[in-house]
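Chemist: Sequence plus the predicted model coming up.
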Amino acid sequence: MIHIRSKREIDAIRKSCRIVVAALQLAEKLIAPGVETLKIDKQIEKLILQRGGYPAFKGYNGFPASSCISVDDEVVHGIPGKRVLAAGEIVSVDIGVECEGFFGDSARTFAVGEISEDKKQLMRVTQDSLNQGILKIADGARLSNVSHAIQNEVEKADYSVVRDLVGHGIGRKLHEDPQIPNYGAPNSGPRLRRGMVLAVEPMVNMGTFEVKTLEDNWTVVTQDGLPSAHFEHTVVVSDNGPEILTDDN
Ligand code: MG
Ligand code: MG
């Protein structure tokens with residue numbers, strides 16, 4: 001069942017999303033060559049707690065950290081640790097926050113120092129695909145139009161969309177119905193309704209869409225070792241189309 005949230009509930013989700021955005025902005029400031037990913041995670045956790053939130057990923061199915069930090073060929077669910085960032089890498093940071101019983105979720109991919117034109121384009125296309133998907137969000141719209149728009153934007157650039165992982169509804173839980181694949185034919189799936197809250201999150205690979213999970217049972221990497229990018233927004237279906245709750249400002 002896809003929940004319809006009241007204005008009060010959406011305001012609560014918005015509050016969690018503000019904390020997520022602040023934490024992502026902090027991550028962006030901290031990311032630099034020579035920095036250990038665990039150090040970034042610790043700062044993120046501190047900020048979330050200081051703002052009255054709880055890091056939603058910590059302990060989620062046993063995940064050991066407050067953020068997912070995934071470098072280069074790591075797609076998602078990278079565990080912050082002793083890895084030291086190097087110039088030329090791209091790093092995806094995914095953060096979830098719970099505040100007063102409601103959740104927010106967002107991810108961005110950042111450059112570490114100077115990166116290649118190829119990686120810049122991968123990041124740009126991933127962000128564009130998210131935006132194209134979000135543009136399809138409206139009261140009465142079919143969900144798969146969001147998925148289709150994302151796939152279209154990605155494949156136009158000759159990249160591929162990860163199939164094994166999907167976006168999701170969000171609200172009183174981190175992951176709720178519906179599942180939101182980042183590919184598929186248009187004009188199918190449930191109709192979106194005002195008050196639904198969705199976390200849309202394309203994961204885009206430079207090479208093949210195939211992924212595998214490392215022995216730590218968390219880190220998802222590309223099968224071919226080529227880099228991957230990930231952008232995610234929490235979005236409300238509002239009267240005037242999509243309202244993004246995890247934008248900067
Ligand atoms: Mg996320
Ligand atoms: Mg998510």
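Modeler: Arrived safely. Numbering: from 1, shown residues only. Ligands and ions are numbered 1, 2, ... in the order given.
Chemist: Just the buried residues of the helix or strand that contains Asn131, please?
Modeler: According to DSSP states H and E, Asn131 maps onto helix 117-135. Residues 119, 122-123, 125-134 are the ones in helix 117-135 that count as buried (16 or more other CB atoms under 10 Å). C-beta coordinates here come from the backbone N, C-alpha and C atoms, glycine included.
Chemist: Now the two most distant members of these.
Modeler: The span of the buried residues of helix 117-135, defined through CB to CB, is set by Lys119 and Ile134 at 23.0 Å.
Chemist: any idea of the mean pLDDT in stretch 111-120?
Modeler: Across stretch 111-120, pLDDT averages out at 98.
Chemist: So what touches it?
Modeler: With contact meaning CB atoms under 8 Å, 6 or more residues apart in numbering, stretch 111-120 is reached by 31-33, 85-91, 123, 206, 227.
Chemist: ok, which residues in this structure are in contact with ligand 1?
Modeler: Asp94, Asp105, Ala107, Glu232 (CB under 5 Å from the ion).
Chemist: Any buried residues in the longest helix along the chain, and which?
Modeler: Assignment by DSSP state H gives helix 7-30 as the longest helix of the chain. Across helix 7-30, burial judged by 16+ other CB under 10 Å covers 9-10, 12-24, 26-27, 30.
Chemist: would you put the C-alpha positions of the next helix or strand after that helix in CSV?
Modeler: Next helix or strand after helix 7-30 toward the C-terminus (DSSP H and E): helix 37-50. Extracted C-alpha coordinates of helix 37-50, given in CSV (Å, rounded to 0.1, in the frame of the first residue of the first chain):
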residue,chain,number,x,y,z
THR,A,37,35.9,7.7,4.7
LEU,A,38,35.2,6.8,8.3
LYS,A,39,36.2,10.3,9.4
ILE,A,40,33.6,11.7,7.0
ASP,A,41,31.0,9.3,8.4
LYS,A,42,31.7,10.3,12.0
GLN,A,43,31.2,14.0,11.2
ILE,A,44,28.0,13.2,9.4
GLU,A,45,26.7,11.3,12.4
LYS,A,46,27.7,14.1,14.8
LEU,A,47,25.8,16.7,12.7
ILE,A,48,22.7,14.5,12.5
LEU,A,49,22.6,13.9,16.2
GLN,A,50,23.3,17.6,17.0
